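1. here's my sequence, what's the structure:
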Amino acid sequence: MPETLALTLGLTRLLNHLFGGAVAATMQAVDVRPANPAAPINDTFALEALVAAGLIVFFILVRLTLSVENPNPAQQLAEMVHEFTGNQVGQVMGHGYERFQAFITCILLFVLFNNLLGLIPGIETPTKSPSVPLGLAVLTFVYYHFHGFRVNKIGYLKQFVGPVWWISWLLCPIEIISHLARVMSLTIRLYANMLASDLVTLVFFSLIPLAIPSVFLGLHFFVSLIQAYIFMLLSSIYLAGAISHEH
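-> All right, here's what the predicted structure looks like:
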């Protein structure tokens, strides 16, 4: 068994040992039956938790070691990411984007590092599991609607009925379906691309020598970057539309 695979399975067993009972009880309380009640936490969730914990630790360390005169490499990397997301979100949202930059940055980094885990031999890309992109899509859906109501109050509903009241009966269902389709779009785009990338890499590694499949590792890396960027960009666009006052 590859060492990385053993590490993943060990992490999953540890999480199940610590939290498995509570997770199973919570799932059963909402009438969800886990596939394995004795071990409801799977490898995909364990890897997600690892990425989330790693990001939290990284930014805590950056915060604790901030220095204006002598920034360390971790701080410089964090500043580069902050500048990149600030530029991207600022172009989409304009004035006041700073309030939402932290969420967009977390989305970008979480998707990116989950995508890149597929480059490690013996580890499957977490985002090729439909539940991962679906969870991120639902979170984004709830987040931008929450801020749409926060900024525009009840006027946010005008986005769903349109400017002409006598055709609102037609526009409202179309708008609702359109917003629900965003969840499906975010989910399927990320899931399908990462699944295809994983399968292509696996097939070529199993059929031909190492040198040629290594090219597909580069392709997987490129796809990982692009899909994380697209998820971030679409989230920014949806959020910008929700908080716009032109409803």
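
2. in this protein, which helix is the longest?
-> Taking DSSP state H as the criterion, the chain has its longest helix at helix 168-207.

3. which parts of the helix or strand just after that helix are buried?
-> On the C-terminal side of helix 168-207, the closest following helix or strand by DSSP states H and E is helix 211-243. When burial is assessed from 16 or more other CB atoms under 10 Å, helix 211-243 yields the following buried residues: 213, 216-217, 220, 223-224, 227-228, 231-236, 238-243. C-beta: built from backbone N, CA, C; applies to glycine.

4. stretch 26-35 too?
-> Pro34.

5. could you do stretch 95-109 as well?
-> Tyr97, Phe100, Gln101, Phe103, Ile104, Thr105, Cys106, Ile107, Leu108, Leu109.

6. the last one: what secondary structure?
-> What DSSP: H, G, I helix; E, B strand; the rest coil gives for Leu109 is helix.

7. wait, doesn't it sit right on His82?
-> No: counting by CB atoms under 8 Å, Leu109 stays clear of His82, with 10.9 Å between them.

8. tell me the one of the buried residues of stretch 95-109 nearest Pro126?
-> Taking CB to CB as the measure, Leu109 is the one of these closest to Pro126, at 13.7 Å.

9. ok, for the closest one, nearest residue in space, not its chain neighbours?
-> Excluding the flanking residues, the one nearest Leu109 by CB to CB, 6 or more residues apart in numbering is Leu55, at 5.8 Å.

10. count of neighbours near the closest residue to Asn114 other than its chain neighbours?
-> For Asn114, ignoring the flanking residues on the chain, the nearest one in space by CB to CB, 6+ apart is Pro126 at 4.4 Å. Residues within reach of Pro126, counting by other CB atoms under 10 Å, total 27.

11. Pro126 contacts Leu117, correct?
-> Yes: with contact defined as CB under 8 Å, Pro126 reaches Leu117; the gap is 6.2 Å.

12. return every residue with contacts to both of these two.
-> Leu47, Val51 (CB atoms under 8 Å, 6 or more residues apart in numbering).

13. the bottom helix or strand of this structure by mean pLDDT?
-> helix 3-29 (a mean of 79; mean pLDDT, DSSP states H and E).
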